[in-house]
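K.L.:
Sequence first, predicted model second:
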Amino acid sequence: MLFKRSPIVLSIIGLLLHLSCKVPVEAPVNPGTNFPPKADAGNDATVFLGQTLQLRGTASDEDGHIIEYAWRFGPYPEWIITSSGDTSFIVEPPPGSKYFVFRVTDDDDNVAYDSCKITIRTQPPRGYAGRDTTVQVNGAIHLHGRGSDDYGDIKEFAWKFGLSQDWVITSTGDTIVKAASTARIDTFVIRVKDGEEQLGYDSVVVTIKEDSIPNVPPTADAGQDVVVMVDEQIQLRGVGSDSDGRIVEYAWRMGVGQSWAVTSTGDTTLVAVAPARTETFAFRVKDNDGAFGFDSILVTVKEDTTNIPPTAEAGNDTSLSVNDTIRLRGVGNDPDGSIVEYAWKIGGSGWQPCSNGDTNVVAPSTAQQILCVLRVKDNREAVAFDSLTVTVNSISFDPWIPSGPLERKGKMVKVMGKGYGFSMGSNQGEAIEKPVHRVRFTYDFWIDSTEVTQKEYDGVMKAGYTTYQTPDWSKYGTGDTYPAYHINWHDAVLYCNALSKARGLDTLYAYTSISGQIGHACKLRGLSITMEANGYRLPTEAEWEYACRGGTTSQFYWGSASHNDYAWFKSNSDHTTNITARKKPNRYGLYDMCGNVFEWINDWQDTYGDSVAVDPIGPENGSMRVLRGGNAFEESNRGRSAFRFPAYAGYELTPGFRVVLPIK
């Protein structure tokens, strides 16, 4: 199996080999009567990004036999020896033409060469017009189209209504069209266009029927009668229903002879004014056929000559670091009225009004304690006070150094991050690792002491997903305690969700659908991540590097010692993965943080900034995820704690992963 190259390397290869025809290579001939072998690299081919390319080379030797087959990808210096002329690899960006050279050697050490040209293209986008539907004549047709593209965003949506109509461009895939006035069947086609001007199509069938059933009028429910005090708010909550259609309008009217006030829903708010009295409020709803339904309630307004003072609750004492910002959330309550004003006094400052009891406090640059006082006022000018103390602590950017036994829970180790920090990145590594910047945490977290093993992965996924199929682990190490590999980013986060469910925790990863086979490079669509949820997830880049370094500042967490004692790389792995926890752990008790298999990170890939980062989680979107730690098939320089490897989320050749559980 051919391993993926770095996107930078593949780009250089593609540039150097951007030729217009197949490149023949002459085979040298040994002196004497020996006939050299003949090589055939196969036909030129065209493939799409993300597909697996099968290269099938053949060879013959008239006076002997072939003893070695090898492939080389462009000017890349390393020949890859294969047991036969066949090999394969997953097609990566950029698109374009690439040349692959095939070499055979016979039993007289004569060699022959041939090459083939592979043209790489991107997949076109996919359109989805929605489900077929049925509407009444002259009714509204709600079209909800969608589009997706594996390598970018949809740049344009357009609909065609019938074969003879022009394309109508819409800002999204949603639009509303009036149905025809006669019964018939119409076809509506959606077209989506990506950033490379490629198109995708889909269609939906709309059946338009005559409305032969008499309309059933809607029903209105104005709710329960209400009693309020003068100056209090009157909350009116009306509900409408229509058994053969839908409600299109809500309206309220106070008393007789007043105008109807149309509202977006059945809810509206009024303020009760003096004098004390009882009023009738009428509620009206209208359906999509123009029929009305009515109901009413009585609202009694009373005057009260007594007042119970309000109460204020500033919240609990809290702390933060210098120059940080904290949000204070004050609460006021008035049993016989309403709170009309909130204000805070922060330290020696004056009263600062706020709309709802919430205000931000920016800590000064020195450690100290700040008294924060909340004041609330009710609708009769009565006031109440409460206070809390904010303790401002100095900042430490030093990492946690364990001074005693590590705290463990199952296979997880507790890493202390709250109040600690570290310098992330490297100015001696690759450009993507720069600049070095300071990171600090406001929370601790649990992290797996080893990569997720094949036994763990198989057990959790089988229990969580009925359609799951075990990956093929036959080539690079198989066994219960070997790391799970051949795992793409999507399958890794599905494991996190399944583990959270199995242990009664929240799931962080939500999605609208899954394409492909779970366990075999599936893809999640409509993905969103709730980082605040209490459940398992992949580590952020900052969490991973902090845990990997284990309090060290050297390029490798084992310092100047031999990597043979701490990690599996190309030089000592025998070109295979190895049982987890066979090497020495780092200072935090974590095994194989570098080497063995690449590890998936939760973040989108992004460039570093040079400012202080607090609990960084990466950008909101991007095109590539990140792998960390190097693997058993790479050189040991990829085991640097700061090393980063961008990869598409669908990449699944060698990656594995470990999970974290934040303590927040």
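P.N.:
Sure, I can see it. Treat the numbers as computed from the prediction; the structure is a model and nothing was measured. Numbers count the residues shown, from 1 in each chain.

K.L.:
hey, let's count contacts and neighbours off CA atoms from now on
P.N.:
Will do.

K.L.:
residues making contact with the longest helix belonging to the chain?
P.N.:
Determined from DSSP state H, the single longest helix within the chain is helix 489-502. Identification of contacts with helix 489-502 by C-alpha atoms under 8 Å, 6 or more residues apart in numbering yields 457, 460-461, 463-465, 506-509, 518-524, 535-538, 600, 625, 649-652, 656-657, 659.

K.L.:
In strands, which of these appear?
P.N.:
The strands, defined by DSSP state E, take in Tyr509, His520, Ala521, Cys522, Lys523, Leu524, Trp600, Arg625 from the contacts of helix 489-502.

K.L.:
The nearest residue in space to the first one that is not next to it in sequence and Leu494, how far apart?
P.N.:
With C-alpha to C-alpha, 6 or more residues apart in numbering as the measure, Ile529 is the residue that lies nearest to Tyr509, at 4.7 Å, once sequence neighbours are left out. In this structure, Ile529 and Leu494 are 12 Å apart, going by C-alpha to C-alpha, to the nearest Å.

K.L.:
joint contacts of the two?
P.N.:
With C-alpha under 8 Å, 6+ apart, Ile529 and Leu494 have common neighbours Tyr509.

K.L.:
Same drill for the two, tell me which one is more crowded.
P.N.:
Leu494 (24 against 14; other C-alpha atoms under 10 Å).

K.L.:
And that one, how far from Met593?
P.N.:
Noted for Leu494: a distance of 22 Å to Met593, by C-alpha to C-alpha.

K.L.:
cool, and Ala649?
P.N.:
20 Å.

K.L.:
same question, Ser500
P.N.:
Ser500 is 23 Å from Met593, by C-alpha to C-alpha.

K.L.:
So which of these two has more stuff around it?
P.N.:
Using other C-alpha under 10 Å, the more surrounded residue of Ser500 and Met593 is Met593, with 30 against 20.

K.L.:
pLDDT at that one, what is it?
P.N.:
We have a pLDDT of 98 for Met593.

K.L.:
Kindly report the same for Lys38.
P.N.:
94.

K.L.:
now it, which residues is it bridged with?
P.N.:
Beta-bridge pairing of Lys38 under DSSP bridges involves Ser60.

K.L.:
again with Ile234
P.N.:
Leu270.

K.L.:
show me what contacts it?
P.N.:
Applying C-alpha under 8 Å, 6+ apart, the residues contacting Ile234 are Val226, Val228, Thr269, Leu270, Val271, Ala272.

K.L.:
How about Cys548?
P.N.:
Taking C-alpha under 8 Å, 6+ apart, one finds Tyr557, Asn586, Leu590, Met593, Cys594, Ser641 in contact with Cys548.

K.L.:
Can you tell me which of the residues you listed comes closest to Phe102?
P.N.:
Cys594 (33.7 Å; C-alpha to C-alpha).

K.L.:
Report how many residues lie close to that closest one.
P.N.:
Neighbours of Cys594 (other C-alpha under 10 Å): 27.

K.L.:
what does Pro218 give?
P.N.:
With other C-alpha under 10 Å as criterion, Pro218 counts 24.

K.L.:
and what of the one 3 residues further on?
P.N.:
Residue neighbour count, defined by other C-alpha under 10 Å, stands at 19 for Asp221.

K.L.:
I'd like to know how far it sits from Phe89.
P.N.:
The gap separating Asp221 from Phe89 is 65 Å, by C-alpha to C-alpha.

K.L.:
quick one: Ile66 and Asp106 touch, right?
P.N.:
Yes. Applying C-alpha atoms under 8 Å, one finds Ile66 in contact with Asp106, separated by 4.2 Å.

K.L.:
okay, and the common contacts of those two?
P.N.:
With C-alpha under 8 Å, 6+ apart, Ile66 and Asp106 have common neighbours Pro37.

K.L.:
ok so, going back, report the buried residues of the longest helix of the chain.
P.N.:
489-501 (16 or more other C-alpha atoms under 10 Å).

K.L.:
now it: mean pLDDT?
P.N.:
Per-residue scores along helix 489-502 average to 98.

K.L.:
what's the angle between that helix and strand 520-525?
P.N.:
Helix 489-502 runs at 80 degrees relative to strand 520-525, counting by axes from the mean of the first three to the mean of the last three C-alpha atoms, to 10 degrees.

K.L.:
Low-confidence regions, the stretch 101-250 of the chain specifically.
P.N.:
Scanning the stretch 101-250 of the chain for pLDDT under 70 picks out 163-164, 211-213.
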